[in-house]
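Trainee: Following is a predicted model, sequence given first.
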Amino acid sequence: MEFYKNIIPSKSCVLEIGSGTGRLAIPLLRENIDYHGLDLSRELCDFSNKKISNYDTKNRIFNEDMRSFDLDMKFDYIFIAFNSFLHILTDSDAISTFKCIKSHLKDGGTFILDILLPNPDFLYRDEKDRELPVMDFKDSKTGELVEIFERCEYQTDTEVCDLDWEYRYKDKPKESRVFSYQMRMYYPDTINRLLIDAGFQINDRFGDYECGRFNELSPLQIYVCQ
């Protein structure tokens, strides 16, 4: 949160792509930032707009596809936070996404891309580590403790991870639920090429949210482009 509050100046007109539950919306609005969001899920857009309406009456979340959106607005800053971009699984869709972003930036506008750096320990797991605990939390409706376990299969030819998150109720182990999804692992040379091919200039690259210099041990790759 502090990274985005520090890097985006007050009074900027901003678009977050893959805005999800609107987790960044109100904190950035409180910083006097003209925040807008975009998400593929209609349900999440409705949820976010309702949440924001308690703070601001403007309809700020758009139900659009990041690969092909067309808004009648241009922005000072556009960003994709917290690995949302990793749901883009092919180079062609990545280029389409970047070109849409470029067409919605004002002259001199900034694009920030925030993704993890592929980690061999995450991608190549021993059989005994095939299923790993991720986190636990209390169900907000029932108060029950829920544990999340992750299974990952990495396809080297496509660089795509097939992931299962299993939600297990601590006191009701038979009532588990599984959420399956895919993420593409983008290596630095690939992202560099795709951004440049889409017409961006890479001005900076950080390895963490404290703006540390990027290196091979960094947990993240955060690109600041114009």
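Mentor: Noted; the coordinates are in hand. Owing to the predicted nature of the structure, the values given are computational and were not obtained by experimental measurement.
Trainee: so who does the most centrally placed residue in the chain touch?
Mentor: Centroid-nearest residue in the chain, with C-alpha atoms, centre = their mean: S84, separated by 2.4 Å. Counting by C-beta atoms under 8 Å, 6 or more residues apart in numbering, S84 touches 17-18, 20. Any C-beta I mention is one placed from the backbone N, CA and C, and that applies to glycine too.
Trainee: now do I148
Mentor: When contacts are counted by C-beta under 8 Å, 6+ apart, I148 is found next to 133-137, 165-168.
Trainee: Distance to P120 for those - can I get that in JSON lines?
Mentor: Shown next, in JSON lines, are those (distance: C-beta to C-beta, whole Å):
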{"residue": "P133", "distance to P120": "20"}
{"residue": "V134", "distance to P120": "18"}
{"residue": "M135", "distance to P120": "22"}
{"residue": "D136", "distance to P120": "26"}
{"residue": "F137", "distance to P120": "28"}
{"residue": "W165", "distance to P120": "21"}
{"residue": "E166", "distance to P120": "23"}
{"residue": "Y167", "distance to P120": "27"}
{"residue": "R168", "distance to P120": "27"}
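Trainee: Out of those, grab the one that's most surrounded.
Mentor: The most crowded member of the contacts of I148, judged by other C-beta atoms under 10 Å, is R168 (19 neighbours).
Trainee: D136 reaches V146, doesn't it?
Mentor: Yes - applying C-beta atoms under 8 Å, one finds D136 in contact with V146, separated by 6.4 Å.
Trainee: any common contacting residues for these two?
Mentor: K170.
Trainee: any chance you could map the strands in the chain?
Mentor: Using DSSP state E, the strands of the chain run over residues 13-17, 34-39, 61-63, 75-80, 105-116, 131-138, 145-155, 160-169, 172-184, 202-206, 220-225.
Trainee: out of those, nearest to R213?
Mentor: Each of those has some distance to R213 by C-beta to C-beta; the shortest is strand 202-206, at 7.3 Å.
Trainee: Could I get the buried residue list for that closest one?
Mentor: Across strand 202-206, burial judged by 16 or more other C-beta atoms under 10 Å covers 205-206.
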